[in-house]
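Q: sequence first, then the predicted structure, then my questions.
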Amino acid sequence: MTSLLPLARLAVLGLPVALLACGPLPQPFRGNPGAEARRLAAPPAYRIAVPRPNAALLPDVASSDFAVVVAEALQAAEVPAVAGPPAPLDWRLDIKAEQDGRSVTPAYAVVDADGKVLGEARGAAVPVREWSEAQGAMLRRVAQRDATVVAGLLGRGEAARRAAEPVAFNGSGGPPRVRFLGVKGAPGDGNQSLAMRMREFLSTRGFVVQEGSDGAAFALTGEVTMTPVADRKQRVEIQWRVSRRDGHDLGLAAQINEVPAGTLNGLWGDVAYVVAEEAAVAVRDIIANAGGLGEEAARRNAPPASPAGTGAPAPR
């Protein structure tokens, strides 16, 4: 079993953040996700991300431009949209184009956060010559014209989701649901051990932790960075990022320490336990500060104060 002092500092921060230096291990303190998050009562049901379409028969620059103007056209239609890769709970708009004789027809598919296609539709045909020239005015015209088609797909997909949704997104119908995508970047068994312990501790904090997106109002990702430093040591940096269904980053819990090089190349053991125990409290605070817990639930799920020097199980 690995024997190591726990990672030394955990800070709960609103984004953007500046990571703090190492020091004694305190209880996490409450973050400040900003006025927008404090006003949150019920996160929007979805946000639609429009990544650059690689199969739209357009040059790379024009493909990126098309994603931007499609997102802008959807925003004008009062659809929450953003150009770029999807966040963990985002829906995605896949765009491709098909040539048939002298015309090119754009096609759209709405895909949910779990990869399920919710609907597909085709736009109106465009002459091949115009499409191949990929002028900005033409791309904007197509995006504005087809925004109605895409909005219809989104509306039908949202109606189907609401009909099948067992839990209210604001948590009033049951415990708040968190989509946890696991941990990446750790050596040894760190990714698996940290993820397992985080699931355990979040469950004890009053959350339903799941891999899929259905019913989840919040998402959590973990990332470990190992950096060589002086005196044959490594700087260990663990970041837990919390976002909500509309793609807004609510906060970041960061844990930092320096350890002898190679110490964490094998089993993480008690280190994973202590790290996840502390980080789970910070994650809960971030969500609570964003209005993700009702007052009664917040009081009921508040973790008891731990006596000094406790938290990790005794080494076996």
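A: Done, it's in. Numbering: from 1, shown residues only.
Q: now the helices for the stretch 151-300 of the chain?
A: 190-204, 270-289, 295-301 (DSSP state H, counting those that start in this stretch).
Q: end-to-end on stretch 84-91?
A: 12 Å (Cα to Cα, to the nearest Å).
Q: likewise stretch 179-193?
A: 18 Å.
Q: give me the buried positions along it.
A: For stretch 179-193, burial by neighbour count (16 or more other Cβ atoms under 10 Å) applies to 179, 180, 182, 183, 186, 187, 188, 189, 190, 191, 193. To be clear about C-beta, it is placed using only N, CA and C from the backbone, and glycine gets the same treatment.
Q: so which of those sit within strands?
A: 179, 180, 182, 183 (DSSP state E).
Q: circling back to that earlier point, quick one: the helices of the stretch 151-300 of the chain as TSV, columns for mean pLDDT and distance to residue 228 too.
A: Formatted as TSV, the helices of the stretch 151-300 of the chain follow (pLDDT from 0 to 100; distance: least, Cβ to Cβ, whole Å):
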stretch	mean pLDDT	distance to residue 228
helix 190-204	93	17
helix 270-289	90	19
helix 295-301	47	40
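Q: out of the ones you listed, which comes closest to residue 147?
A: Closest to residue 147 of the helices of the stretch 151-300 of the chain is helix 270-289 (Cβ to Cβ; 33.1 Å).
Q: between helix 190-204 and the closest one, find me the angle.
A: Compare the direction of helix 270-289 with that of helix 190-204 by axes from the mean of the first three to the mean of the last three Cα atoms, to 10 degrees and you get 50 degrees.
Q: buried residues in helix 270-289?
A: Those buried within helix 270-289 under the rule 16+ other Cβ under 10 Å are 270-289.
Q: roughly how far is it from the heart of the chain?
A: Centroid separation for helix 270-289 versus its chain: 17 Å, with Cα atoms, centre = their mean, to the nearest Å.
Q: residue 56: how many residues sit nearby?
A: 22 (other Cβ atoms under 10 Å).
Q: please report phi then psi for it.
A: Main-chain torsions, residue 56, degrees, to the nearest 10: phi -100, psi 10.
Q: show me the protein divided up by domain.
A: Residue ranges for each domain of the chain read 9-42+169-301, 48-164, as given by automatic domain parsing.
Q: can you tell me which of these has the worst average pLDDT?
A: Mean pLDDT values for those show the minimum at domain 9-42+169-301, a mean of 75.
Q: of the buried residues of stretch 179-193, which is the nearest to residue 154?
A: For the buried residues of stretch 179-193, the nearest to residue 154 is residue 179 (20.0 Å; Cβ to Cβ).
Q: which residues does the closest one contact?
A: Applying Cβ atoms under 8 Å, 6 or more residues apart in numbering to residue 179 gives the contacts 88, 89, 113, 210, 211, 212, 213, 216, 218, 219, 220.
Q: ok, 6 Å please
A: 88, 213, 216, 219 (Cβ atoms under 6 Å, 6 or more residues apart in numbering).
Q: return the distance of the last one relative to residue 130.
A: If I follow you right, that is residue 219. 40 Å (Cβ to Cβ, to the nearest Å).
Q: neighbour-wise, which of these two wins?
A: Between residue 219 and residue 130, counted using other Cβ under 10 Å, the more crowded position is residue 219 (24 against 16).
Q: any idea how far the more buried one is from residue 249?
A: Applying Cβ to Cβ to residue 219 and residue 249 gives a distance of 10 Å.
Q: what residues are shared contacts of these two?
A: Common neighbours of residue 219 and residue 249 (Cβ under 6 Å, 6+ apart) are residue 243.
Q: doesn't residue 115 lie inside a helix?
A: No. Counting by DSSP: H, G, I helix; E, B strand; the rest coil, residue 115 is not part of a helix but coil.
Q: tell me the one of the ones in strands among the buried residues of stretch 179-193 nearest residue 109?
A: Nearest member of those to residue 109, counting by Cβ to Cβ, is residue 179, at 21.5 Å.
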